[in-house]
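Colleague: Structure, please.
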Amino acid sequence: MIRQLPLDLPHRPNYAEEDFLAAPSNSEALALLGLWPDWPHRLLVLTGPPGAGKSHLGAIWARRAAATVVPAQKLDLAALPDLVKAPALLVEDADRPRLPENDLREKELFHLINLAIERGTFLLITARKPPDAWGLRTRDLLSRLRRAPIVAIQEPDEAFLRAILVKLFQDRQIKVDANLIDYLALRLDRSFAAARAIVAALDAEGLARRRPVTRALAGELLAAWGDHDEDH
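Modeller: Purely as a prediction, here's the structure:
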């Protein structure tokens with residue numbers, strides 16, 4: 001079997017507004033962010049599993065609100081006064097610790113929230129889980145977050161999983177047949193993470209083997225994954 005080593009190039013997802021996939025699993029989040037600037041509170045927390053579309057939906061809102069986007073892990077106390085000069089802020093991945101310090105930047109996030117509320121800056125915070133599950137040690141920070149509206153993106157149903165698979169392949173400029181989408185949708189765990197993992201694996205395997213991404217290739221890959229799981 002002839003294989004080539006695929007280049008490990010970064011994959012840039014498409015965050016265009018017209019490419020956001022609306023579905024029952026994200027309808028509440030989409031509706032609440034769409035209410036901006038008439039939010040019930042200046043602070044909003046958006047949660048959802050990895051790959052659920054938090055960054056995509058956040059990017060859409062950030063463009064509308066002229067928001068500055070900053071990863072929570074890069075918050076710095078000295079930079080906070082300048083950050084809140086923006087009309088709106090998007091703080092991403094608030095429950096992801098900075099490795100290796102295992103630091104959730106609690107002090108920085110607490111002061112940022114206070115400054116944003118004081119100056120009337122809109123603040124959208126994204127995370128995988130609600131604040132009560134972050135393991136926060138700063139009680140005042142947790143109290144602030146509990147008072148904010150929290151809206152969640154849920155895992156997809158089967159119909160939405162099919163749409164997600166189509167979009168993930170399109171983002172990678174991979175042409176696939178409908179029978180491959182049907183095949184995968186019936187066999188994958190119904191989650192965003194599973195969809196992203198299989199599309200990335202098929203892309204890499206297709207490049208390595210110099211083969212198109214087909215149902216047959218997907219079957220081989222899933223079978224290999226099954227054998228690996230049984231070995232462990």
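Colleague: Any idea how many residues pack against L80?
Modeller: For L80, the neighbour count with other C-beta atoms under 10 Å is 17. C-beta here means a position set from N, CA and C on the backbone, and glycine is covered the same way.
Colleague: Oh, that last question was meant for T138, not what I typed.
Modeller: Around T138 there are 14 residues (other C-beta under 10 Å).
Colleague: The closest residue to it other than its chain neighbours - how many residues pack around it?
Modeller: Nearest non-adjacent residue to T138, counting by C-beta to C-beta, 6 or more residues apart in numbering: E106, 4.4 Å away. E106 has 19 neighbours, counted by other C-beta under 10 Å.
Colleague: Likewise for the one 3 residues further on?
Modeller: For L109, the tally of surrounding residues (other C-beta under 10 Å) stands at 23.
Colleague: State the distance from it to A72.
Modeller: Distance of L109 to A72, given as C-beta to C-beta, to the nearest Å: 6 Å.
Colleague: Now do the shared contacts for those two.
Modeller: Common neighbours of L109 and A72, using C-beta atoms under 8 Å, 6 or more residues apart in numbering, are V91, A94, I125.
Colleague: H41 is in contact with the last one, correct?
Modeller: No: using C-beta atoms under 8 Å, I125 is not in contact with H41, being 11.7 Å away.
Colleague: who has more neighbours, the two?
Modeller: I125 (25 against 12).
Colleague: Going C-terminal from the helix or strand where that one lies, what's the next secondary structure element?
Modeller: Per DSSP states H and E: I125 is located in strand 122-127. Proceeding N to C from strand 122-127, the next assigned helix or strand is helix 139-146, under DSSP H and E.
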